[in-house]
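Colleague: sequence unknown, structure follows:
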């Protein structure tokens with residue numbers, strides 16, 4: 001500090017009365033700069049927390065809603081197996097397993113997952129599997145990205161284009177979004193049923209991005225998330241007739 005003051009004000013070493021006021025002003029200014037820098041560092045550290053890892057190796061770490069869950073080893077990974085348990089005539093948006101201890105408003109979610117259909121499933125079922133985020137405490141509200149693994153290598157190009165999907169509960173299921181905004185909330189991704197797939201979701205405010213297979217660029221971007229921006233839980237999501245596996249969940253909170 002002394003050397004800096006000498007550089008900025010040569011009369012510092014032999015100050016007169018006027019010089020003393022100038023020295024004090026410079027000293028206060030440097031203190032304010034130092035405090036501001038320290039405050040910025042603390043705020044940045046608070047907004048970018050260390051990632052929280054969840055092994056997904058305990059059923060009691062989940063809050064179950066219309067699914068059956070068990071711990072298994074699947075394709076050399078310890079995993080949670082989730083099977084859709086909702087009634088055939090029920091709402092297919094309510095089959096989730098909330099991961100206890102997760103709560104974030106903005107951040108990122110990474111997970112390895114796989115999806116396939118149960119034996120003798122109707123041909124129209126696609127092994128729906130995904131992640132719900134900002135899940136409300138009563139599980140009545142959430143945002144969600146999910147995959148349709150059986151669409152990924154279909155010979156029907158239109159069906160391929162429906163490989164990844166965004167939905168929002170309540171009020172914005174896939175059929176409503178597709179009919180009112182064709183192609184905006186779904187996209188193509190190369191997928192295979194039953195294969196481990198790396199999935200990452202980044203979300204901040206009203207924007208969310210879906211990344212698949214460690215890609216640098218998102219497969220799907222949504223700039224108008226439908227639910228109010230609020231902190232909520234993370235949940236494992238499955239659709240009708242699905243057998244899914246989840247492993248290696250990592251969550252990082254960013255921002256407020």
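Modeller: Happy to help now that I have it. Not measured: the values here are computed from a predicted model.

Colleague: what number of residues lie near the closest residue to residue 61 other than its chain neighbours?
Modeller: Nearest residue to residue 61, sequence neighbours excluded (C-beta to C-beta, 6 or more residues apart in numbering): residue 100, at 5.4 Å. C-beta: built from backbone N, CA, C; applies to glycine. Residues near residue 100, counting by other C-beta atoms under 10 Å, number 14.

Colleague: ok, now the one 5 residues further on?
Modeller: In terms of burial, residue 105 registers 17 neighbours under the definition other C-beta under 10 Å.

Colleague: Give the residue spans of the stretch 51-200 of the chain that score low on pLDDT.
Modeller: Applying pLDDT under 70 to the stretch 51-200 of the chain flags residues 87-93.

Colleague: Strands of the stretch 151-256 of the chain, residue ranges please.
Modeller: 164-169, 186-187, 197-204, 207-212, 220-222, 233-238, 242-253 (DSSP state E, counting those that start in this stretch).

Colleague: tell me the most buried of the ones you listed?
Modeller: Mean neighbours per residue, mean count of other C-beta atoms under 10 Å, is largest over those for strand 233-238, with a mean of 26.

Colleague: Would you agree residue 245 is in contact with residue 76?
Modeller: No. Counting by C-beta atoms under 8 Å, residue 245 stays clear of residue 76, with 11.5 Å between them.

Colleague: Need phi/psi at the residue nearest to residue 61.
Modeller: phi -60, psi 150 (degrees, to the nearest 10).

Colleague: check contacts around it.
Modeller: Counting by C-beta atoms under 8 Å, 6 or more residues apart in numbering, residue 100 touches 61-63, 233.

Colleague: quick one: residue 237 from residue 79, how far?
Modeller: Applying C-beta to C-beta, to the nearest Å, the value for residue 237 to residue 79 is 15 Å.

Colleague: related to what we said a few turns ago, give me the PyMOL select line for the contacts of residue 100, limited to the buried ones.
Modeller: Buried members of the contacts of residue 100, defined by 16 or more other C-beta atoms under 10 Å, are picked up in PyMOL with:
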select buried, resi 61+62+233
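
Colleague: Which ones among the contacts of residue 100 map onto helices?
Modeller: Under the assignment DSSP state H, the contacts of residue 100 contribute nothing to helices.

Colleague: Closest to residue 106 out of the contacts of residue 100?
Modeller: Using C-beta to C-beta, the shortest approach to residue 106 within the contacts of residue 100 belongs to residue 233, at 14.1 Å.

Colleague: per-residue confidence for that closest one?
Modeller: We have a pLDDT of 98 for residue 233.

Colleague: unless I'm mixing things up, residue 177 is touching residue 167, no?
Modeller: Yes. With contact defined as C-beta under 8 Å, residue 177 counts as touching residue 167 (6.8 Å).

Colleague: shared neighbours of the two, anything?
Modeller: residue 185.

Colleague: Residue 113 reaches residue 145, doesn't it?
Modeller: No. Counting by C-beta under 8 Å, residue 113 does not reach residue 145; the two are 11.0 Å apart.

Colleague: which neighbours do those two share?
Modeller: Joint contacts of residue 113 and residue 145 (C-beta under 8 Å, 6+ apart) are 130-131, 199.

Colleague: what sits against the nearest residue to residue 221 once chain neighbours are set aside?
Modeller: Take residue 221 and drop its neighbours on the chain: the residue closest to it by C-beta to C-beta, 6+ apart is residue 209, 5.1 Å away. The contact partners of residue 209, taken as C-beta under 8 Å, 6+ apart, are 201-203, 218, 220-222.

Colleague: Name the nearest of those relative to residue 192.
Modeller: The closest of those, once distances to residue 192 are taken by C-beta to C-beta, is residue 220, at 18.5 Å.

Colleague: Which residue, neighbours along the chain excluded, lies closest to the closest one?
Modeller: Distances taken as C-beta to C-beta, 6+ apart put residue 210 closest to residue 220, at 4.3 Å, once the chain neighbours are dropped.
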